[in-house]
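Engineer: Any chance you can model this:
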Amino acid sequence: MHSMSTFAELVTSRKTWLTDFLEPWCRSAARKELLLAELEWIDIAGKVDVEKTLWRWAWSRFPDLIHESLGIEETTEVVVTLRDGREIRGYPDSRQSLRGMLVILTSTDTGRFTDAGPISLDDILAINRVSV
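Structural biologist: As a prediction, the model looks like this:
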């Protein structure tokens, strides 16, 4: 094992671990595991916002859902395909979508919006932007 002799090497090693191991793990872990990691997040990832790291990384398994700097993208209509085959079309609500549970605002026949969800990260097969 390579020993680190400088602080710069330590920082580089830590950043590599976050990028090469922790972020990819978040992109594939089950919600139950992510919730366990959330409890220990400061010890695991350091003093970083859990919403901007763990949960953004977890949701990034669906690239059409995530805005690079804002997190869950609310301004683009999406189709959420569930593992049971159902589809939900609407706009993600990032304020209500917490801890691996997605809420979608769907339009009713009267033109009003209603909430669909919350939907567990584990129950989602795909999320695709609606083409205009």
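Engineer: Look at residue 97 and report its pLDDT.
Structural biologist: Note for residue 97: predicted pLDDT of 94.
Engineer: Where do the strands of this structure begin and end?
Structural biologist: Secondary structure of the chain, counting by DSSP state E: strands at 66-67, 71-72, 78-82, 87-92, 101-107, 113-120, 124-129.
Engineer: and residue 47, which of those strands is closest to it?
Structural biologist: Proximity to residue 47 (CB to CB) singles out strand 71-72 among the strands of the chain, at 18.5 Å. Any C-beta I mention is one placed from the backbone N, CA and C, and that applies to glycine too.
Engineer: closest to residue 41 out of the strands of the chain?
Structural biologist: strand 71-72 (15.9 Å).
Engineer: related to what we said a few turns ago, just send the strands of the chain back as CSV, with mean pLDDT too.
Structural biologist: Listed next are these as CSV, based on pLDDT from 0 to 100:
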stretch, mean pLDDT
strand 66-67, 89
strand 71-72, 88
strand 78-82, 97
strand 87-92, 96
strand 101-107, 94
strand 113-120, 91
strand 124-129, 97
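Engineer: okay, the ones you listed in CSV with mean neighbour count and distance to residue 12 next?
Structural biologist: Formatted as CSV, those follow (neighbours: other CB atoms under 10 Å; distance: least, CB to CB, whole Å):
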stretch, mean neighbour count, distance to residue 12
strand 66-67, 16, 26
strand 71-72, 19, 27
strand 78-82, 18, 37
strand 87-92, 18, 35
strand 101-107, 18, 35
strand 113-120, 15, 36
strand 124-129, 16, 34
